[in-house]
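Enquirer: I would like the atomic coordinates for the input below:
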Amino acid sequence: MQKNSTVKNVQGSGTFEFNGKTFYKYEVQMENGDVGEYNSVSQDQNHFIIGATVDYIYDVTKPQYPKIKPVYNFNASPSRDGNFKNVQKAQRGDNVELMIVKQSCLKAAVELVGPNSQFANVAEVTKIAQFFVNWVMDNDSKIPEKYNKKIILEEPEKEKTDLPF
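Expert: Below is the predicted model of the structure:
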């Protein structure tokens, strides 16, 4: 049955071999009193972290050997208290929103400069793209007065690349 609780304790309890793979056993204790074994192929499991509130499956089909398994939520969804707490997402360490904004701004900068422009080099395009990123991520809808004028680019050094822009 699927449950939700906070991880109280996690303790390694050995290894075993199965189908040519080494599995690491962990004893997991939840604040609601559930205790069970979790088996992972990773020596440093990251599904049950002490203090984290997680959704899990508590399998007591064999009462003498209860199992605890993580619920794999691939869609970000609010937890039971309405907050978007997702331990796996927090541990990823990357900022997906910023990467998407950077990709979009780079595309816009290339389109602004144009592929046949005399100013189409990597240095100028990335400079313009970074301006766009800063403006988008700053949450400020006002463009400074100095940027309200037409941007005049300096003649760049000829760059030797095989890029089409």
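Enquirer: residue 110: neighbour count?
Expert: 19 (other CB atoms under 10 Å). For every residue, glycine as well, the C-beta is placed using N, CA and C.
Enquirer: check which residues of the helix ranked longest in the chain are buried.
Expert: Longest helix of the chain, by residue count under DSSP state H: helix 96-113. Within helix 96-113, the residues scored as buried using 16 or more other CB atoms under 10 Å are 101-102, 105-106, 109-110, 113.
Enquirer: the inter-axis angle of the helix or strand that it is followed by versus helix 96-113?
Expert: Downstream of helix 96-113, the first helix or strand assigned by DSSP states H and E is helix 122-137. Orientation check (axes from the mean of the first three to the mean of the last three CA atoms, to 10 degrees): helix 122-137 against helix 96-113 gives 130 degrees.
Enquirer: packing partners for helix 122-137?
Expert: Under the contact criterion of 3 or more CB pairs under 8 Å, 6 or more residues apart in numbering; DSSP states H and E, helix 122-137 touches helix 96-113.
Enquirer: and stretch 13-26, C-alpha only, in PDB?
Expert: Extracted in PDB, the C-alpha atoms of stretch 13-26 (Å, rounded to 0.1, in the frame of the first residue of the first chain):
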ATOM      1  CA  SER A  13      22.500  -3.800   6.400                       C
ATOM      2  CA  GLY A  14      24.700  -5.700   4.000                       C
ATOM      3  CA  THR A  15      24.700  -6.800   0.400                       C
ATOM      4  CA  PHE A  16      23.600  -9.700  -1.800                       C
ATOM      5  CA  GLU A  17      24.100 -10.900  -5.300                       C
ATOM      6  CA  PHE A  18      21.200 -11.400  -7.700                       C
ATOM      7  CA  ASN A  19      21.400 -11.900 -11.500                       C
ATOM      8  CA  GLY A  20      25.000 -10.900 -11.600                       C
ATOM      9  CA  LYS A  21      24.400  -7.500  -9.800                       C
ATOM     10  CA  THR A  22      25.300  -6.500  -6.300                       C
ATOM     11  CA  PHE A  23      22.400  -5.100  -4.300                       C
ATOM     12  CA  TYR A  24      22.800  -3.000  -1.100                       C
ATOM     13  CA  LYS A  25      20.300  -3.600   1.700                       C
ATOM     14  CA  TYR A  26      19.000  -0.800   3.800                       C
END
